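1. no letters, just coordinates:
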């Protein structure tokens, strides 16, 4: 619930969280209205939305709805991209696109280009998806098609949130997610790249334990944890579970953004 | 459920996961029997355990039960530890202990010592907890007390799993977790440091999407995602939710270990 007892950014998590796929969502195509489609799916599934619910959306469907398809055959790589592509053994047109979507290169090796995305986070290949990116309806162009991340996932989250709040008369949060590999750990997990309504970071500075001592870990990456939990259920968006409902949080509506989850390079020991 | 239709390591995740704190657990003290205490709490809460349930346990209570308390006043720092402590401005006795618990230093700066833990993962201060570590019952020693991670969290998970399976006649998984900060991201999330029964990594190499193309992300860090989901509900173990039940997975019993989640240094671009 989001009630008067919570200050903005406050968070309370009940003893039980339910993470439920919102099923029966069709393949999303460019121009689709995610608010309408998601609202209808929630009604069909007799789920609705209540105060404090968080809707988690795989970035892939946001990208598809926003038409973030790129026809690689129309991409003309610069000399820089061509040289880099040769070095890491990747398609020069894809490398060109990765560079356009990025602020800089973090690490590279054969087959791998880890970059700081224009949105601030570090990810492989700038989050560009080339595994299953073709739009179902014909777009002008011959392909192969790839799909970039949404232009402004925070804005997409805010827009979707406002649509859902109007439709269901409830105060809800929206988290847009992507799945990445990580330094030091094998396996992908979900991360938050767009946040609206729900706090992205849960700041517990000044909170004391039951012995009156200050807690050591003062900031919890709550939107990333929500993304990881939803990713368990969602799996690959391709398999048909791009929308997930997380129920059981209670928060003060926050003007938060996924941006606060990105550590500034000057504060990062691994930048 | 863990049924014959699943091969070892296979995983299926239903459309709904429930992540529920197992409440009413007392403060854990050295020598406590976690299997007994957890079993009794599950019975009291009328939750029980069913095939496919995963019990997530905060490493802190495993450490407390195993008596992993160290009296800092009894730690004699080497010259190496003293020099390093001066450099990063930390208690030399704590630095000595961090070095004993580690294979090597990954990064350091004022107040921060990021190491490769003897268990293989990278974490700050070797996961040693000095925020709330005092045993409630007197131990010989004057303190201050700190708490190291469990000696062998995979073994602790296996032992707890076998106790729970006998008591509840169900095939279950156990994940022992800790919360850490991460490169590039602000905020802590949960990670798996001990795994029994449930697959740690979900290997989907060879899986194809509905267009017949191979999935790009082939390994999912499923035990880390479970840990992150449980961490949302558990918060700080100090606050009384060290045990969490995750219900809604379906897996083939795996002889897995949290070890497989640690990327080998030679494969790591950030090592």
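-> Looks like it arrived, so ask away. Please read all numbers here as calculations on a predicted model, not as lab measurements.

2. can you give me the neighbour number for residue A:231?
-> Using other CB atoms under 10 Å in any protein chain shown, residue A:231 is surrounded by 30 other residues. Where C-beta positions appear, they are placed from N, C-alpha and C, glycine not excepted.

3. secondary structure class of it, three-state.
-> Following DSSP: H, G, I helix; E, B strand; the rest coil, residue A:231 is assigned to helix.

4. could you list every residue that touches it?
-> By CB atoms under 8 Å, 6 or more residues apart in numbering or on different chains, the contact list for residue A:231 reads A:177, A:179, A:188-190, B:220, B:225.

5. between the residues you listed, which sits nearest residue A:89?
-> residue A:188 (21.7 Å; CB to CB).

6. surely that closest one touches residue B:204?
-> No - counting by CB atoms under 8 Å, residue A:188 does not reach residue B:204; the two are 10.0 Å apart.

7. give me the more crowded residue out of these two.
-> Each of residue A:188 and residue B:204 has its neighbours counted (other CB under 10 Å); residue A:188 has more, 25 against 16.

8. part of a strand, is the more buried one?
-> Yes - secondary structure assignment (three-state DSSP) places residue A:188 inside a strand.

9. identify the farthest-apart pair in the contacts of residue A:231.
-> With distance counted by CB to CB, no two of the contacts of residue A:231 lie farther apart than A:177 and B:220, which are 13.5 Å apart.

10. more crowded one of these two?
-> Taking other CB under 10 Å, residue A:177 and residue B:220 do not tie; residue A:177 has more neighbours (31 against 26).

11. what strand or helix carries the more buried one?
-> strand A:173-182 (DSSP states H and E).

12. what pairs with that strand, parallel or antiparallel?
-> strand A:54-58 (parallel), strand A:185-196 (antiparallel) (DSSP bridges).

13. please see if the next helix or strand after the longest one touches chain B.
-> This means strand A:185-196. As assigned by DSSP H and E, the chain's next helix or strand after strand A:185-196 is strand A:202-203. Yes - if you take CB under 8 Å from any CB of the partner chain as the test, strand A:202-203 does meet chain B, through residue A:202.

14. which SSE is immediately downstream of strand A:202-203?
-> strand A:219-220.

15. could I get the strands paired with strand A:173-182 as TSV with mean pLDDT?
-> Output for the strands paired with strand A:173-182, formatted as TSV (pLDDT from 0 to 100):
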stretch	mean pLDDT
strand A:54-58	97
strand A:185-196	97
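
16. any chance of these in a markdown table, plus distance to residue B:101?
-> Converted to a markdown table, the strands paired with strand A:173-182 look like this (distance: least, CB to CB, whole Å):
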| stretch | distance to residue B:101 |
| --- | --- |
| strand A:54-58 | 36 |
| strand A:185-196 | 19 |
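
17. from the contact counts, what lies against the helix or strand of chain A with the lowest mean pLDDT?
-> Every helix and strand of chain A was ranked by mean pLDDT, DSSP states H and E. The lowest is strand A:202-203, at a mean of 83. Using 3 or more CB pairs under 8 Å, 6 or more residues apart in numbering or on different chains; DSSP states H and E, the elements in contact with strand A:202-203 are strand A:219-220.

18. who's in contact with the strand it packs on?
-> So strand A:219-220 is contacted by A:201-205, B:179, B:186-189, B:231, B:235 (CB under 8 Å, 6+ apart).

19. mean confidence score for the strand holding residue A:177?
-> For strand A:173-182, mean pLDDT is 96.

20. now do stretch A:152-166
-> The model assigns stretch A:152-166 a mean pLDDT of 97.

21. mind checking how far the spatially most central residue of chain A is from chain B?
-> The residue lying closest to the centre of chain A (CA atoms, centre = their mean) is residue A:177, at 2.0 Å. Here the criterion is CB to the nearest CB, to the nearest Å. By it, residue A:177 lies 12 Å from chain B.

22. again with residue A:122
-> According to CB to the nearest CB, residue A:122 and chain B sit 5 Å apart.

23. in chain A, which helix has the most residues?
-> Taking DSSP state H as the criterion, chain A has its longest helix at helix A:153-168.

24. between it and strand A:185-196, how big is the angle?
-> On the basis of axes from the mean of the first three to the mean of the last three CA atoms, to 10 degrees, helix A:153-168 is oriented at 60 degrees to strand A:185-196.

25. contact residues of the stretch 1-150 of chain A facing chain B?
-> Counting by CB under 8 Å from any CB, the stretch 1-150 of chain A comes close to chain B at A:13-21, A:23, A:107, A:109, A:112, A:114, A:121-122, A:129-132, A:134.
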